[in-house]
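[1] Sequence and predicted structure below; questions after.
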Amino acid sequence: MGKVMIFDHPLIQHKMSIIRDINTGAKEFRELVNEISTLMAYEVTRDLPLEDAEVETPVGKAKTKVIGGKKLGIVPILRAGLGMVDGMLNLIPAAKVGHIGLYRDPETLKPVEYYCKLPSDIEERDLILLDPMLATGGSAVAGIQFLKDRGAKNIKFMCLLASRVGIDLINKDHPDVDIYAAVVDEKLNDHGYIVPGLGDAGDRLFGTK
Ligand SMILES: O=P(O)(O)OC[C@H]1O[C@H](OP(=O)(O)OP(=O)(O)O)[C@H](O)[C@@H]1O
Ligand SMILES: O=c1cc[nH]c(=O)[nH]1
Ligand SMILES: [Mg+2]
């Protein structure tokens, strides 16, 4: 089964508290999603392989380590995943960015696909799939399958808020995928929203409600 990493870092917990607050407006919400994504990127990239290197300092030669030939890709699930892209690119600026458009049908709660544009060499890249919300898990599971169908082999899923049900579904359908979540909430309501959650992440990021 994939690893499940929940973040207990005080900075992340503090920022998640503000993000959940109904009184936090779109500007601050966007800034915080960005900042939390950068903090999480630090841990999500922990297993990047290092290679030995040597550099000339002003005083002599230093034996150093550099990130090796690993190619990375980040793939936000539209729309809400877009809010996490810049935060990730702050730390891994060379990563290529793909996009998957999925929305959750409000009646069936099933994901509906409407867009896909991925790096052409996706099968050679380690991918981090981004979506702030993991609720029923339908969108994440569909997004992961989407990437695998196009040749991706090494995929991580990163979200801000996860439900227990969503984590279990990814573990069941994609046991090879590691999950990174800032916070876990236990419950979903009848409309598939995480409770207490933070509401609709896409609407809060883009001010559409
Ligand atoms: O785990 P699930 O039950 O599938 O729900 C999570 C999905 O729902 C939200 O997207 P939404 O459909 O609201 O689209 P949006 O990002 O365009 O607002 C969220 O960003 C996830 O993609
Ligand atoms: O709580 C939820 C569930 C799905 N999508 C959201 O944006 N929020
Ligand atoms: Mg939404």
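    Sure, I can see it. Fair warning: this is a prediction, and the values are worked out from it, not measured in the lab. Ligands and ions are numbered 1, 2, ... in the order given.

[2] Contact residues of the chain facing ligand 3?
    200, 202 (C-beta under 5 Å from the ion). C-beta: built from backbone N, CA, C; applies to glycine.

[3] for the chain, which helix is longest?
    helix 26-44 (DSSP state H).

[4] For the residue of the chain with the smallest separation from ligand 3, grab the count of nearby residues.
    Taking C-beta to the ion, ligand 3 has its nearest neighbour within the chain at Gly202, 3.2 Å off. With neighbours defined by other C-beta atoms under 10 Å, the count for Gly202 comes to 21.

[5] show me what contacts it?
    79-80, 208 (C-beta atoms under 8 Å, 6 or more residues apart in numbering).

[6] just Pro10 next, same as before
    Counting by C-beta under 8 Å, 6+ apart, Pro10 has no contacts.

[7] Most neighbours among the contacts of Gly202, which one is it?
    Of the contacts of Gly202, with other C-beta under 10 Å as the count, Ala80 tops at 24 neighbours.

[8] For this structure, just list every one of the strands.
    4-6, 50-56, 61-67, 71-78, 96-97, 99-104, 111-117, 125-130, 133-134, 154-163, 178-185, 187-188, 194-195 (DSSP state E).

[9] Can you add distance to Glu35 and mean pLDDT and give those strands back as TSV?
    Converted to TSV, these look like this (distance: least, C-beta to C-beta, whole Å; pLDDT from 0 to 100):
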stretch	distance to Glu35	mean pLDDT
strand 4-6	18	97
strand 50-56	26	96
strand 61-67	23	96
strand 71-78	16	97
strand 96-97	19	98
strand 99-104	22	95
strand 111-117	27	95
strand 125-130	15	97
strand 133-134	17	98
strand 154-163	11	98
strand 178-185	11	98
strand 187-188	26	96
strand 194-195	21	98
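
[10] Nearest to Thr24 among those strands would be which one?
    Among those, the nearest to Thr24 by C-beta to C-beta is strand 154-163 (13.2 Å).

[11] May I ask you to confirm that Lys110 is in contact with Gly137?
    No - assessed by C-beta atoms under 8 Å, Lys110 is found out of contact with Gly137, at 11.4 Å.
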